[in-house]
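Trainee: Have a look at this prediction, sequence included:
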Amino acid sequence: MRARQRFLGRRVPGDSWLHRSPAWTKLAGVAALSVVVLATRDAQVNVGLLVLIVAVAVSARLPLRELVAPVLRIGLIIVAVFAAHLWLTDWATGLRLSSTIVVCIMAAALLMLTTTVGELIAVFEVLAWPLRFVGLRPATVGLAAGLVVRSLPVIADLARVAGDSARARGLEGSLRARTIPLVLGTVKYAQDTGRALEARGLE
């Protein structure tokens, strides 16, 4: 059986400067980049940031196909966003919004390709430390954030499988044929995750 593929890619083994960089610095970099993208709202800035992301990936010796793969997986959605604004508003708005999506996805992929989920959980635990004053455990919050990071690619893969199954049965236009298997698969994944946590004493 084919291994489940993460939406943003699996960590690529390596010892580059980016791999060795603390997870919190990479997370902060992604957050800062996202702020710049949303604040400037300029397609030219987005293109410049894309060049920067590719340059960082090359310097970290990351396969560019892994960096671009998440964008290709939702390529139809990006094209649809551009086409919709080309029709409803203008091409400049469509280009800005579609390039914003590409920049954010590639930046997140750069993070996930050089960082383990465990490292991200540790960062989330530190960020959640102030929540102790309102009765929440940072470790629990960090674990929850880690589960979200892990769940997103699983759900994306379930959606892809549901779509493939619908097309194989000639039901590609049926919303029900796509959503019911996705919902059932997501519920089963949640139940399996809950049982695994309960077995480890994490309820």
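Mentor: In hand now; what should we look at?

Trainee: which residue packs closest to residue 64, ignoring adjacent ones?
Mentor: residue 57 (6.4 Å; Cβ to Cβ, 6 or more residues apart in numbering). Bear in mind the C-beta positions are built from the backbone N, C-alpha and C, glycine included.

Trainee: now for whichever strand or helix holds the one you found, which elements pack on it?
Mentor: Secondary structure from DSSP states H and E places residue 57 in helix 43-59. Helix 43-59 sits against helix 17-20, helix 23-40, helix 64-73, helix 91-113, with contacts defined as 3 or more Cβ pairs under 8 Å, 6 or more residues apart in numbering; DSSP states H and E.

Trainee: buried set for it?
Mentor: The neighbour-count check on helix 43-59 (16 or more other Cβ atoms under 10 Å) flags 43, 45, 46, 49, 53, 54, 56, 57 as buried.

Trainee: And stretch 180-197, by the same measure?
Mentor: Here stretch 180-197 shows 181, 182, 185 as buried, counting by 16+ other Cβ under 10 Å.

Trainee: Extract the residue ranges of this structure that are flagged as low pLDDT.
Mentor: Filtered on pLDDT under 70, the chain yields the residue ranges 1-10, 146-154, 156-157, 196-203.

Trainee: what's the residue nearest to residue 102 when sequence neighbours are not counted in contact with, if anything?
Mentor: Nearest non-adjacent residue to residue 102, counting by Cβ to Cβ, 6+ apart: residue 71, 5.5 Å away. By Cβ atoms under 8 Å, 6 or more residues apart in numbering, the residues touching residue 71 are 78, 102, 105, 106.

Trainee: same question, residue 29
Mentor: 107, 111.

Trainee: any idea how this protein splits into domains?
Mentor: The record, using automatic domain parsing to delimit domains, assigns the chain the ranges 1-115, 117-203.

Trainee: Of these, flag the one that's most buried.
Mentor: domain 1-115 (a mean of 16; mean count of other Cβ atoms under 10 Å).

Trainee: Surely residue 161 and residue 185 touch.
Mentor: Yes: with contacts counted by Cβ atoms under 8 Å, residue 161 reaches residue 185, the gap being 7.5 Å.

Trainee: Tell me how far residue 176 lies from residue 164.
Mentor: 16 Å (Cβ to Cβ, to the nearest Å).

Trainee: nope, residue 111 is what I was after
Mentor: In terms of Cβ to Cβ, residue 111 sits 28 Å off from residue 164.

Trainee: same question, residue 45
Mentor: 37 Å.

Trainee: give me every residue that touches residue 95.
Mentor: Counted by Cβ under 8 Å, 6+ apart, residue 95 has contacts 43, 82.

Trainee: Make 26 the first number, not 1, from now on.
Mentor: From this message on, residue numbering opens at 26, which makes the last subject residue 120.

Trainee: any idea how far it is from residue 220?
Mentor: According to Cβ to Cβ, residue 120 stands 47 Å off from residue 220.
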